[in-house]
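A.B. asks: Predicted model, plus sequence, below.
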Amino acid sequence: MKRLLAFFASGADRPPLSDRTEVDRLYRRYRIAVMTTITLGYGIAYTCRLGLSVVKKPLIDGGIFTAEQLGLIGSAIFYGYAFGKLINGFLADHANIKRFLCFGVFASALANIGMGWSPWLWAWVALWALNGWFQGFGAPAGMVALSQWFSNRERGRYYGIWSTAHSFGEGLTFVGSAALVTWFGWRAGFLGPGLLCAVLAGVMYVFLQDRPPTLGLPPVAAWREDHGAPATATAAHSIWQAQLTVLKMPSIWVLALASATMYMTRYGMNSWGMLYLQEAKGYSDLAAGGLLALNPVAGIAGCVAYGFISDRFFGARRPPVNLLCAVLELLALALMFFSPPGHPLLMAFAFLLYGFSINGLVTSLGGLFAVDLAPKRAAGAAMGVIGVFSYLGAAAQERISGYLIQQGTTLADGVRHYDFSRAIYFWLGSSIVSLLLAASLWRARVRD
């Protein structure tokens, strides 16, 4: 275990470079490489997280699993991810992100390659939970990299760009994986992303970097001359004490609950949206996948716009933009659920609006706002705390949604009929609770 931890540990600081021109050149070069790699890499790795969402209908139609059993399997990845993100978040603050992140991507790829080769329910549950654990390396590592290479006043913009990764990954999954499943069968929904991400891990290793001081560069706050409010005297003593400070902050716990309830709605749509569109709205596999793919397309704009608007127009204050995004999200959900059938353009608009707004909220409640509030040397820990609550919420949603959908399922003349009304009100209620919790942090302050 000690050797394993030593392998992942961040390197020793090198003597500082004295040539300002060289420091500027290296910072510009490495920042571009790190930003590009964590964004594209995390996005492509996301395809290993959503495979089950694409194959639910063929698994149900083939009599392999029921909706309730798929809810159990689907919840496993969220439990694995929740605790993986928490523990890996604390470890990421100490880690060489280059090794740490690439290992997680490669291990997740292997878990996907192994999916679908056993008829046993609990084998699926175990492997999907393990996949969730390894997926939990990604977000903390990316957030730590951002806090190491980008300063306070620019972090919102770059975090917004990085947050487009999950939108890109969702779109790639709902279009690419749906096509693979249509052409080659449901197992291809796991095998294709697994093989892709195994190669991706090697490519990422070439371009990622450890902390700036390990390369002889000053901390980014010193290089950019961009310091926030002092993080507290305790936080300066050690990383572990900074992490303890995070756990003592009431605002972090409120934010964690706001993110958890928001993730109930987010993953309600990610996990069950395909089945909802197929059964409640009558769309084909590819048409449903195409509509869901609009969500991440608009999400890219939502992530970037959130960071830009909150930095540029609100002085890096997140709550006003949180409220705007939450209201737009509720409007989009109302259009999706209560608009009459036969209006594809209205549904397309609803999914675009939903994608824009929910991804703005994911950008903030799912990480950026927590990193603003926490000491920067504990960015991974803050991300971990938010992550464990977010994905426990997503896991609870999976079980609750699966149960509610199963209770509304009837069989007539050998044909299943679904009633999503209970699940719909559950998803809407979760969004309203999230809005209220996030609004309670209106006066929260950014820390250094």
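C.D. replies: That came through, no problem.

A.B. asks: ok, now which ones touch Ala381?
C.D. replies: Neighbouring residues of Ala381 by Cβ atoms under 8 Å, 6 or more residues apart in numbering: Gly89, Phe90, Asp93, Ala242, Gln243, Val246, Leu247, Ala374. In this view, the C-beta of every residue, glycine as well, is placed from N, C-alpha and C.

A.B. asks: Restricted to buried residues, select those in ChimeraX.
C.D. replies: Under the burial definition 16 or more other Cβ atoms under 10 Å, those of the contacts of Ala381 that qualify are selected in ChimeraX by:
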select :89,90,93,242,243,246,374
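
A.B. asks: out of the contacts of Ala381, who's nearest Gly156?
C.D. replies: Ala374 (14.9 Å; Cβ to Cβ).

A.B. asks: any idea which helix or strand carries the residue lying closest to the closest one once chain neighbours are set aside?
C.D. replies: Counting by Cβ to Cβ, 6 or more residues apart in numbering, Ala382 is the residue found nearest to Ala374 once chain neighbours are left out, at 3.7 Å. Assigned by DSSP states H and E, Ala382 belongs to helix 379-407.

A.B. asks: now for the helix or strand where Leu435 lies, which elements pack on it?
C.D. replies: Here Leu435, judged by DSSP H and E, is contained in helix 421-439. Helix 421-439 is packed against helix 250-279, helix 319-338, helix 379-407, with contacts defined by 3 or more Cβ pairs under 8 Å, 6 or more residues apart in numbering; DSSP states H and E.

A.B. asks: Report the buried residues of the shortest one.
C.D. replies: By neighbour count, with 16+ other Cβ under 10 Å as the criterion, the buried positions of helix 319-338 are 319, 321-322, 324-326, 328-330, 332-333, 335-337.

A.B. asks: next one: the last one
C.D. replies: Burial within helix 379-407, assessed by neighbour count using 16+ other Cβ under 10 Å, is assigned to 379-405.

A.B. asks: any idea of the mean pLDDT in it?
C.D. replies: For helix 379-407, mean pLDDT is 84.

A.B. asks: who touches the helix or strand containing Val362?
C.D. replies: Element membership for Val362 (DSSP H and E) is helix 344-363. Helix 344-363 is contacted from outside by 159-160, 163-164, 166-167, 262, 265-266, 269, 281, 291-292, 294-303, 305-307, 321-322, 325-326, 328-329, 331-333, 335-336, 339, 434, 438, using Cβ under 8 Å, 6+ apart.

A.B. asks: Now list the buried members of the residues you listed.
C.D. replies: Buried members of the contacts of helix 344-363, counted by 16+ other Cβ under 10 Å: 159-160, 163-164, 166-167, 262, 265-266, 269, 281, 291-292, 294-303, 305-307, 321-322, 325-326, 328-329, 332-333, 335-336, 434, 438.

A.B. asks: any idea where the helices of the stretch 151-300 of the chain begin and end?
C.D. replies: Using DSSP state H, counting those that start in this stretch, the helices of the stretch 151-300 of the chain run over 152-172, 178-184, 188-207, 220-224, 233-237, 239-247, 250-279, 285-312.
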